[in-house]
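Undergrad: here is a sequence with its predicted model. Questions after.
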Amino acid sequence: MNPKALFLLATAALLIGGCSDSGQNHAPAQVSERAKREQAELVELASRQHACVDWMKSLPDRGMGKVFTVDVKKALVRTNGQPVIMVAELEDVSERNGVFTALFEMLPFLPFNSRNYLSLRLSLRCSSQQAEDLLHAKPEPDILGVRFAVVARIESVSRPAPGATAPEDEDTLSADGLCVDLLRLQSAAKK
């Protein structure tokens, strides 16, 4: 596994492990309670937007967590126009000719369990209000990034050509589309 993937897995383990501002670990019951609350928020958001929550389950098992671009495209680019939901970390917000674009890195195995490891970067056009909300999101103390539940209508999925990027980025897929809705996810200390 490449160093970026290991870093993402370690980050996700820390987030799931229930890190707080005080640096103390939560008891297992508190972590479970936080996970239940977050899962309920995700399900409610998905329900409100009629988003597909189990799209990762449609990815075929190709062994060793491997996925092909065509598999991810079939899972994310819905023929019925239905959006999908995922948990992602905000990387950047840009604006060009009045069009805002948010760049996210999907956390590999959240929100719903999957047998596949999937490194996915999302480039999503968003409304000016969504861009404003993203611009005001600040990382919490002791947390590496700003996490969001993102509902998106994905239009395309691609993988960089071999040699076009750094070797550790060659396994990262890119998805482009439209941000339908988003919800800031906060640590247990903020709840």
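TA: Yep, it's here.

Undergrad: which parts of this structure are strands?
TA: 84-96, 99-106, 120-126, 147-158, 173-185 (DSSP state E).

Undergrad: pLDDT on the last one, on average?
TA: Over the span of strand 173-185, the pLDDT mean works out to 94.

Undergrad: quick one: strands adjacent to that strand?
TA: strand 120-126 (parallel), strand 147-158 (antiparallel) (DSSP bridges).

Undergrad: so that strand versus strand 84-96, what angle?
TA: Relative orientation of strand 173-185 and strand 84-96, computed by axes from the mean of the first three to the mean of the last three Cα atoms, to 10 degrees: 100 degrees.

Undergrad: for this protein, which helix is longest?
TA: Longest helix in the chain, counting residues (DSSP state H): helix 28-49.

Undergrad: where does this structure have low pLDDT?
TA: 1-31, 107-116, 141-144, 162-170, 187-191 (pLDDT under 70).

Undergrad: mind doing that once more with 80?
TA: For the chain, residues meeting the criterion pLDDT under 80 lie at 1-32, 34-35, 63-66, 107-118, 139-145, 160-171, 186-191.

Undergrad: what residues sit buried inside the longest helix of the chain?
TA: Across helix 28-49, burial judged by 16 or more other Cβ atoms under 10 Å covers 34, 38, 42-43, 45-46, 49. Heads up, the C-betas are built off the backbone N, CA and C, glycines and all.
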